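Participant: Based on what follows, work out the 3D shape:
(one chain, ligands or ions: 1)
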Amino acid sequence: MATVEQRAAETQDGVAAVSEDAAKGIPVENPATGEIVATVPDLGPEAVADMAAKGRAAQPAWEAFGFDGRARVLLRAQKWLMDNAEQVISTIVSETGKTFEDAEFAEIGYAGNAFGFWAREAPNYLGDERIKSSQVLVKGKKILQRFRPLGLIGVIGPWNYPLTNSFGDCIPALAAGNSVILKPSEITPLTSLLMAEGLRECGLPENVLQIATGRGETGAALIEHVDMIMFTGSTRTGRKVAEAAARRLIPASLELGGKDPMLVLSDADVERAANFATYYSMQNAGQTCISIERVYVEEPVYDDFVAKVSEKVRSLRVGKSEGPGSVEVGAITFPPQMDTIKDHVADAVQKGARVLAGGNEVQGPGRFFEPTVLVDVDHSMKIMTEETFGPTLPIMKVSDTEEAVRLANDSPYGLGASVFTKDTTRGEEIAKRIEAGAANVNDAMINYTVLELPMGGAKASGLGSRHGPGGIRKYCSQQAIVITPKLAMKKELFMYPYKSRTSRLLAGLFKFMYGRGKRD
Ligand code: NDP
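Facilitator: Numbering: from 1, shown residues only. Predicted structure coming up:
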């Protein structure tokens, strides 16, 4: 298998025009050590245009593989991922600084499932579907709904999950018969390069999946060439992507930021709630779009919950992952994110919050922040209203459930949420009142692993969704087909010449069909 440098060089050699910037390349840092682990090309607009031409040329043959042919490649890729899991994990860990387990559970586990899911479900979600209609004028006709691949899809991904969130969205796009150009984050491009090589080994034809390494400008250039853009990243960049897509009138699917609330009601299993709050706020060092970012706890269980969470968070080991079981909380991947985390904690403390665990940056080597619990917080503080994206857990006492629901909804974001209560009927009612694309009762984040379910944000957390039927149909154009049998009348009743008798007949027919009022 090729080295990182060979993989990156292939990307560079494969394009016609390599700018001076590309020749200089982008250094990739291991955030857990500060070492530069590789350099990848910084591809400019000409290189992206060249890739787009190659992707378009390769697409028809890939579409002609059919569902079965494409499924064979994806299932080989699923096995390849399991056979090469160690190498993929070490690549993810080397460019994100996350722990072995965060790479294993949330990245390998996700992608392993996704290859099989889309291979299996693509024909079910996209196959021609015979439609029954209540429209009398089409009685006897064959009515079909069909989906066909849009052609060339651009996927732009963030740095927090290079396999799940960058590469993961390529899988359904490929399963639908598109070619794909993936622009990974400049911070974490290595996993995408490795996966592209793996897919080639599994029989994916040349240029069906290409990796456009580069910075924001490379992503912007990509939008100018593709038929649809799948973007995961911040709400700020998502708006720019939506504007660029609108100018070209191409569809855009946007998975953006979040500030997920957790509600702990007075009848909750406090031990379970505390374990979930600890894990789902600190997992991936809090750098997950659907992390628990703020907690509202009803007064009767507040002290117990805070004591339990503080103790659990204080026991977490932070640092460079040396393999399975070595640490719980890994590095802060993106350098500027450290400034945001420190700013949110300082702002909260300055406005009266108390720190019960952590609170500080860990001195290097590497970039780490202590797992942090804050209390006496409120919505005047950034830590309760803006995306922190770090290992922080602010906990707020509320007098009742109504206050918890009101505060949960007091956010521009609406990605995920969780409610803890032993009364699951009430939990479901409350979950439905939360303005978020997903809500879990007595759990958190787990909806993301259910690939049959749509996953997308409400409000400023996004447009469109991944997973479920919509998660693959968005990579297709829809076509409606109506087929009239050969033994049809020479013309329809409503056609020329217009006659008053026919018009009266049609009026009577419409009245009969639609004018009889409510029928019990
Ligand atoms: P950014 O928005 O900064 O970047 C996302 C991607 O967009 C990167 O590849 C970036 O390139 C690229 N990019 C930057 N500018 C442009 C542009 N003008 N046009 C096109 N592409 C551009 O997000 P982060 O990488 O910081 O990711 C963290 C964010 O992602 C958080 O807000 C998090 O909540 C969100 N996220 C949402 C998920 C969801 O499912 N809703 C899942 C995971 C993360 P480069 O990095 O090279 O600058």
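
Participant: so where's the stretch 51-200 of the chain uncertain?
Facilitator: Low-confidence segments of the stretch 51-200 of the chain (pLDDT under 70): none present.

Participant: Would you map the helices across it?
Facilitator: Counting by DSSP state H, counting those that start in this stretch, the stretch 51-200 of the chain has helices at residues 66-83, 85-96, 100-103, 109-126, 170-175, 190-201.

Participant: now those helices in CSV, with distance to residue 145 and mean neighbour count?
Facilitator: All C-beta atoms are positioned from the backbone trio N, CA, C, and that covers glycine. Output for those, formatted as CSV (distance: least, C-beta to C-beta, whole Å; neighbours: other C-beta atoms under 10 Å):
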stretch, distance to residue 145, mean neighbour count
helix 66-83, 16, 17
helix 85-96, 38, 22
helix 100-103, 40, 24
helix 109-126, 10, 20
helix 170-175, 18, 27
helix 190-201, 30, 22
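
Participant: Would you reformat these as CSV and include distance to the ligand?
Facilitator: Output for the helices of the stretch 51-200 of the chain, formatted as CSV (distance: least, C-beta to the nearest ligand atom, whole Å):
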stretch, distance to the ligand
helix 66-83, 20
helix 85-96, 11
helix 100-103, 13
helix 109-126, 11
helix 170-175, 14
helix 190-201, 10
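
Participant: Distance to residue 358 added to these, as JSON lines?
Facilitator: Formatted as JSON lines, the helices of the stretch 51-200 of the chain follow (distance: least, C-beta to C-beta, whole Å):
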{"stretch": "helix 66-83", "distance to residue 358": "35"}
{"stretch": "helix 85-96", "distance to residue 358": "20"}
{"stretch": "helix 100-103", "distance to residue 358": "18"}
{"stretch": "helix 109-126", "distance to residue 358": "28"}
{"stretch": "helix 170-175", "distance to residue 358": "36"}
{"stretch": "helix 190-201", "distance to residue 358": "29"}
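
Participant: Give me the neighbour count for the closest residue in space to residue 24 that isn't next to it in sequence.
Facilitator: Leaving aside its chain neighbours, residue 24 sits nearest to residue 42 (6.7 Å; criterion: C-beta to C-beta, 6 or more residues apart in numbering). Residue 42 has 22 neighbouring residues, counting by other C-beta atoms under 10 Å.

Participant: Torsion angles phi and psi at residue 42?
Facilitator: phi -100, psi 90 (degrees, to the nearest 10).

Participant: how near is it to the ligand?
Facilitator: 9 Å (C-beta to the nearest ligand atom, to the nearest Å).

Participant: same check, this time on residue 430
Facilitator: In terms of C-beta to the nearest ligand atom, residue 430 sits 22 Å off from the ligand.

Participant: Tell me the confidence at that residue?
Facilitator: Per-residue confidence for residue 430 comes out at a pLDDT of 98.

Participant: for the one 10 residues further on, same thing?
Facilitator: Per-residue confidence for residue 440 comes out at a pLDDT of 98.

Participant: Quick check: chain neighbours aside, which residue is closest to it?
Facilitator: Nearest one to residue 440, counting by C-beta to C-beta, 6+ apart, is residue 418 at 4.6 Å.

Participant: Tell me how many other residues crowd that neighbour.
Facilitator: As a burial measure, residue 418 scores 31 neighbours (other C-beta under 10 Å).

Participant: ok, now residue 304?
Facilitator: 16.

Participant: Excluding chain neighbours, what is closest to it?
Facilitator: residue 270 (5.1 Å).

Participant: Quick check: residues of the stretch 301-450 of the chain near the ligand?
Facilitator: 334, 387, 389, 415 (C-beta under 6 Å from any ligand atom).

Participant: Residue 197: which of those is nearest?
Facilitator: Taking C-beta to C-beta as the measure, residue 197 lies nearest residue 334 of these, at 25.0 Å.
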